[in-house]
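Enquirer: Starting from these lines, generate the structure:
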Amino acid sequence: DMIRLVCADIRVNSWYGFALVLLIIVMDPLLIVLSYTLILKSILGTASWTERFRALNNCLSHVLAVLVLYVPMVGVSMTHRFAKHASPLVHVIMANIYLLAPPVMNPIIYSVKTKQIRQGIFNVLFQRKVY
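Expert: Prediction:
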């Protein structure tokens, strides 16, 4: 938005910024997928079944945490780039989701792995009320 204040042609700068955002949005997930592929290859090749399950459980938590970070980031980037004429409320909601979703969801993602917390959540959600 600041670059629009310049009284010159900003197409090159705009395309450069767009290419940089796409590079970040595309390269990060590709490198993450590559690293998890290598991790899974080593896990499935050497460990016993219980160790495989434990490692896959850990990987699932990490993948969910990464998705909770990247999905709102992609949404905010695309909203800022392509929805310039949308309501300001859309931009505010997307920014709030981007700022609040990862810190709120990370403790939930990692604590659900704990057996006592998981049982407590199931008890709260599925308890029967007796009158």
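Enquirer: Domain-wise, how is this structure divided?
Expert: Partitioning the chain according to the TED database yields domains covering residues 1-46, 48-130.
Enquirer: Throw the ones you listed into JSON lines and include mean neighbour count and mean pLDDT, thanks.
Expert: For glycine as for every other residue, the C-beta is placed from the backbone atoms N, C-alpha and C. Formatted as JSON lines, these follow (neighbours: other CB atoms under 10 Å; pLDDT from 0 to 100):
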{"stretch": "domain 1-46", "mean neighbour count": "11", "mean pLDDT": "81"}
{"stretch": "domain 48-130", "mean neighbour count": "12", "mean pLDDT": "85"}
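Enquirer: For the nearest residue to S111 once chain neighbours are set aside, identify the helix or strand it belongs to.
Expert: Here the nearest residue to S111 in space, its sequence neighbours aside, is I117; by CB to CB, 6 or more residues apart in numbering that works out to 4.9 Å. Element membership for I117, per DSSP states H and E: helix 115-126.
Enquirer: residues making contact with that helix?
Expert: Helix 115-126 has contacts (CB atoms under 8 Å, 6 or more residues apart in numbering) with S111, V112.
Enquirer: at 10 Å instead, please
Expert: I108, Y110, S111, V112, T114 (CB atoms under 10 Å, 6 or more residues apart in numbering).
Enquirer: Which of those fall within helices?
Expert: Among those, DSSP state H puts I108, Y110, S111 in helices.
Enquirer: Any idea how far the biggest helix by length in the chain is from the middle of the chain?
Expert: The longest helix of the chain (DSSP H) is helix 11-46. For helix 11-46, the separation from the chain centroid amounts to 13 Å (computed by CA atoms, centre = their mean, to the nearest Å).
Enquirer: From the contact counts, what lies against it?
Expert: helix 49-82 (3 or more CB pairs under 10 Å, 6 or more residues apart in numbering; DSSP states H and E).
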